[in-house]
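>>> using only what follows, build the 3D model:
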Amino acid sequence: MKRNYSPFNGPFHDTYAIGFRLYAPGSINWRHRTIAGVSWNGNDQEAFFFNPDGLALPLTANPWELPELIRRNAVRREFASVHGTGHFAMKIGRLASLKSLGMTDWVTYWLVDQSGGYANDPAVWQRITEQDLAVEKTASERAHHDRRLTSDLASYVDECVAQRREHMAEQHRRRCVEDSKILAWLKGETPPPLFASVQEAA
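Numbers count the residues shown, from 1 in each chain. Got it, this is the predicted structure:
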């Protein structure tokens, strides 16, 4: 029996609260937290979301809102296809069985033009940093003028920009580490148990 309601709002539910989201042009996007597309079975109301590396994401579809998200954001589609690998992907045996039947109920959609890149890429992060620091420089100059500061303008602006650069670099380091952990988790790579090397006392 098909469910005729959804217990959550929005086209999908981030069950682990990781922060998965669609690519947002003009914003900072992190590779392994970005939804690149979805394989959707409209008849059975089942979906497999995936990131730009093709790793399946642990998201639950809202069958009543997902079609509208697809209509608004799909940039290409592939019929009779299920995309996604890794721990949260469709099981291999089921996928093989579907392929033997033709998979006609499934369509894979790639969502939103993601050509702007991801903050994990050093060149993309450099561009983001330069744009942010240009804004910081203008804001610092305005603040120095508005507050009628008596300190040297150039020194004040340089200090503000340096602080902002340091803050952004630290934020980038933290986010890259977090994104690497998400990548390993999506692949099914888990660290060894905490006490794996400890012999239990007899």
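
>>> so, low pLDDT: which residues of the chain?
Scanning the chain for pLDDT under 70 picks out 1-6, 191-202.

>>> OK, contacts around the nearest residue to residue 124 once chain neighbours are set aside?
Leaving aside its chain neighbours, residue 124 sits nearest to residue 117 (3.9 Å; criterion: C-beta to C-beta, 6 or more residues apart in numbering). Where you see a C-beta, it was placed from the backbone N, CA and C, and this is true even at glycine. If a contact means C-beta atoms under 8 Å, 6 or more residues apart in numbering, then residue 117 has 29, 123-124 as its contacts.

>>> same thing with residue 182?
Contacts for residue 182 (C-beta under 8 Å, 6+ apart) come out as 18, 32-33.

>>> dump those residues to a markdown table, plus secondary structure.
Output for those, formatted as a markdown table (DSSP: H, G, I helix; E, B strand; the rest coil):
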| residue | secondary structure |
| --- | --- |
| 18 | coil |
| 32 | helix |
| 33 | helix |
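
>>> select from these the one having the most neighbours.
residue 32 (23 neighbours; other C-beta atoms under 10 Å).

>>> domain-wise, how is the protein divided?
Structural domains assigned to the chain are 12-111, 122-187, following automatic domain parsing.

>>> just say which of these is most tucked in.
domain 12-111 (a mean of 17; mean count of other C-beta atoms under 10 Å).

>>> and the top helix by length along the chain, how far from the chain's centre?
Secondary structure of the chain read by DSSP state H shows that its longest helix is helix 153-187. Counting by C-alpha atoms, centre = their mean, to the nearest Å, helix 153-187 is centred 17 Å from the centre of its parent chain.

>>> coming back round to it: so is the residue nearest to residue 124 in a helix, a strand, or just coil?
Applying three-state DSSP: residue 117 is coil.

>>> repeat for residue 49
Using three-state DSSP, the structure places residue 49 in strand.

>>> which residues does it contact?
Residue 49 neighbours (C-beta under 8 Å, 6+ apart): 12, 20, 35, 37-38, 56-57, 59, 61, 84.

>>> among those residues, name the ones in strands.
Among the contacts of residue 49, the ones falling in strands (DSSP state E) are 12, 35, 37-38, 56-57, 59, 61.

>>> now, which of these sits nearest residue 93?
Of all the ones in strands among the contacts of residue 49, residue 56 has the smallest distance to residue 93: 15.6 Å, by C-beta to C-beta.

>>> please report how far the nearest residue to residue 114 once chain neighbours are set aside lies from residue 141.
In space, residue 114 comes closest to residue 23 once its chain neighbours are excluded; the distance is 4.5 Å by C-beta to C-beta, 6+ apart. Distance from residue 23 to residue 141, counting by C-beta to C-beta, to the nearest Å: 33 Å.
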